[in-house]
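1. Got a sequence here, can you build the structure:
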Amino acid sequence: MRIVIVITICLAGNATIFAQEEVGVEINGVIWATRNVNTPNTFVNKPADFGMFYQWNRKKAWATTIGWIPDWDTTMPGSFVWEQANDPSPEGWRIPTIEEIRTLLDTENVSEEWTNESGIKGNKFTDKITQNSIFLPDAGFINAEGIAYYIGTQGYYWSSSYVDSNRAYYFYSSGPATNVNSRLWGYSIRCVKNGCFKPKASSIVGESNVSINNNIVYKVNSVMSNTYTWKSNRGIISSGQGTNSIVISWDEVGLDSVKVFLENDCGVDSIAYNVNIQECVPLNMSKIQSSNSYTEFYVDKYEGQDPTYLWSVDKGTILSGQNTNHIKVNWPEYGNAEVSVRITNDCSVFEDNIQFIYTHLDNVIEAENVEVKIYPNPAKDKLIIDTNELTIKKLEILNLLGKKINSQWFNDKSINVLALPQGLYFLKLETDKGIITKKFVKE
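-> Residues are numbered from 1 along each chain as shown. Next up, the predicted model:
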């Protein structure tokens, strides 16, 4: 039998417990209480406290302790709404709808992490803009037969939204995910605040300098309860009207603005973003930059319609990113290397290159499905090569700078390294399956 754990959730309001006023925090447009519901109409004292379990549309509280509950109610709760008379939320708060719970799963605006608070396991949900957060402890659940499970290891919370006469939606905070289950189960409750809240417009993300006839994307954070109306004096919106993201272009130069109106049942808010439209925005690119391992290379993203990127590498292979501002490269051997880029748009050209000596051991990609062993390692006089029936045509010994120390045809199972000075070397093997590089130490 699959066991599911649910915790009920409530929105913020004005309630007092242990002389602590619960004011709540706003996350992605919803005001959440920072503590679970305890006995009816009260909050627990601390955010990590479990509180009590509740069946759907019932106000009776059940303790969060493991074991069988002798007087568990096995009759199905009625109604297609969580009736106000049966709502255990403190005054000014209520149980959230499934739509409000899903705003916590909006990864564009909310981050989630499994953590612990005061030694209690749970999940933390944080608004990426305001950094407001709530902690939902893993309180466990009571199943339909009245047996409590997973206290302290999983978290489940009720929503006020029904599915049918037997089931309702809940929030599996440990997932996190939403699902449906029998109303007979006992879950935790985290409230949201009663009332209506006017939308708040965040900053518009997009380019401030654009070329005519280029399609440019502008967007704001998405909140499920909001509608979006975009306006521009001279721009042509080709897609996205009514959503949080549009594509727009201009057919003449000059100054303009992009404006968005956010609206819900409680009011309207708006924000504007100034745009300078030019015949062609000249390229103003950064020099090529690289990761510490010299396996990724990039230039700052161009402000305006993407230009054409043409990357080239010497002695390496571009794995991904050609015709973008960021590439990944595989170097099959050590030594001198070079990466170049040529970036063009309708009115300018930018070129740059970077030269370096590739010596990073951990980034050698060896031929697939090939096992070549070398031993002993470290070696004093002889290095044995176990080819595993692989055909080796030629081998080279390189120093740390990629300089060739020795080169020979492979006609034995070992090579003499007695004359090598002490240090770290690379053994480059030319095989019928490709080039394989191994590292070894000369004692």
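
2. Need the residue closest to the centroid of the chain.
-> T107 (6.7 Å; C-alpha atoms, centre = their mean).

3. Where does that residue sit, in terms of helix or strand?
-> Of the helices and strands defined by DSSP states H and E, none includes T107.

4. separation between it and I236?
-> 31 Å (C-beta to C-beta, to the nearest Å). Using the backbone N, CA and C atoms, a C-beta is placed for each residue, glycine as well.

5. How about W72?
-> Relative to I236, and taking C-beta to C-beta, W72 is found at 63 Å.

6. Look at the two and report which has more neighbours.
-> A count of neighbours by other C-beta atoms under 10 Å puts W72 above the other of W72 and I236, at 17 against 12.

7. surely that one meets I142?
-> Yes: assessed by C-beta atoms under 8 Å, W72 is found in contact with I142 at 7.0 Å.

8. quick one: common contacting residues for the two?
-> Listed as contacting both W72 and I142 by C-beta atoms under 8 Å, 6 or more residues apart in numbering are W62.

9. Find the nearest non-adjacent residue to D352, please.
-> Distances taken as C-beta to C-beta, 6 or more residues apart in numbering place I288 nearest to D352, at 5.0 Å, with adjacent residues excluded.

10. now Y218
-> Leaving out its chain neighbours, Y218 is closest to G206 (C-beta to C-beta, 6+ apart), at 3.6 Å.

11. and what of E100?
-> Nearest non-adjacent residue to E100 (C-beta to C-beta, 6+ apart): V30, at 5.0 Å.

12. Okay, now the unreliable bits of this protein?
-> 1-20, 196-197, 223-225, 292, 303-305, 334-335, 357, 359-371, 401, 407-412 (pLDDT under 70).

13. Repeat the analysis, applying 50 as the threshold.
-> Residue ranges of the chain with pLDDT under 50: 1-19, 361-369.

14. care to break it down by domain?
-> Following automatic domain parsing, the chain resolves into domains at 9-193, 209-278, 289-362, 367-442.

15. Tell me which of those domains approaches K200 most closely.
-> Closest approach to K200 among the domains of the chain (C-beta to C-beta): domain 209-278, 5.8 Å.

16. Any idea how far apart the tips of the closest one sit?
-> 7 Å (C-alpha to C-alpha, to the nearest Å).

17. do stretch 115-133 as well
-> Stretch 115-133 has an end-to-end distance of 13 Å (criterion: C-alpha to C-alpha).

18. before we move on, what about stretch 221-240?
-> 14 Å.

19. Now do the buried residues in it.
-> N221, S222, V223, S225, N226, Y228, W230, S232, G235, G240 (16 or more other C-beta atoms under 10 Å).

20. Quickly check those residues for the two that are furthest apart.
-> The most widely separated members of these, counting by C-beta to C-beta, are S225 and G235 (26.8 Å).

21. how distant is stretch 185-196 from the center of its chain?
-> Between the centre of stretch 185-196 and the centre of its chain there are 27 Å (C-alpha atoms, centre = their mean, to the nearest Å).

22. Residue numbering should commence at 42 henceforth.
-> Got it, first residue is 42 now, which makes that one stretch 226-237.

23. Any buried residues in that stretch, and which?
-> W226, G227, Y228, S229, I230, R231, C232, V233, K234, N235.

24. ok, now stretch 248-260?
-> For stretch 248-260, the neighbour count (16+ other C-beta under 10 Å) marks E248, V251, S252, I253, N255, I257, Y259, K260 as buried.

25. Would you mark the buried spots in stretch 149-164?
-> N150, V151, E153, I161, K162, G163, N164.

26. burial of I170, as a residue count?
-> 15.

27. Ok, P348 next?
-> Counted with other C-beta under 10 Å, P348 comes out at 22.

28. Contact partners for it?
-> P348 sits in contact with L324, I384, T385, N386, where contact means C-beta under 8 Å, 6+ apart.

29. now with 6 Å?
-> Neighbour list for P348: I384, T385, N386 [criterion: C-beta atoms under 6 Å, 6 or more residues apart in numbering].

30. do S361 as well
-> S361 is in contact with K369, counting by C-beta under 6 Å, 6+ apart.
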